[in-house]
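*Asks:* next come a sequence and a model predicted from it.
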Amino acid sequence: MKVVVDEEKCVAAGQCVAASMDVFDQREDDGIVVLLDENPPAELADDVRNAAAMCPALAIRIEE
């Protein structure tokens, strides 16, 4: 699994961090997504998929 984020689309809702804080964070100044691990371990796959599904801006893409 590879995770790709589009910072331009991000609306700083924080849903990704709530779903998978080991993979996503937010910049302090504006809340835009920060990708901590573009190739997360298999045990985090469900959380990452949930984060992508919950993103209101569709700023997270997963490549299998």
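*Replies:* Everything's here; your move.

*Asks:* now do the contacts for residue 44.
*Replies:* For residue 44, the contact set (Cβ atoms under 8 Å, 6 or more residues apart in numbering) comprises 20, 22-23, 37. All C-beta spots, glycine's among them, are computed from the backbone N, C-alpha and C.

*Asks:* swap that for residue 24, sorry
*Replies:* Contacts of residue 24 by Cβ under 8 Å, 6+ apart are 5, 16-17, 33-36, 51.

*Asks:* give me the phi and psi angles of residue 29.
*Replies:* phi -70, psi -30 (degrees, to the nearest 10).

*Asks:* ditto for the one 4 residues further on
*Replies:* Recorded main-chain torsions at residue 33 are phi -60, psi 140, according to degrees, to the nearest 10.

*Asks:* that one contacts residue 20, doesn't it?
*Replies:* No. Residue 33 sits out of contact with residue 20 when judged by Cβ atoms under 8 Å, with a separation of 11.1 Å.

*Asks:* what's the closest non-adjacent residue to residue 34?
*Replies:* Closest residue to residue 34 apart from its sequence neighbours, by Cβ to Cβ, 6 or more residues apart in numbering: residue 25 at 4.4 Å.

*Asks:* I should have written residue 14 there, sorry.
*Replies:* Residue 14 sits nearest to residue 26 (Cβ to Cβ, 6+ apart), 6.0 Å away.
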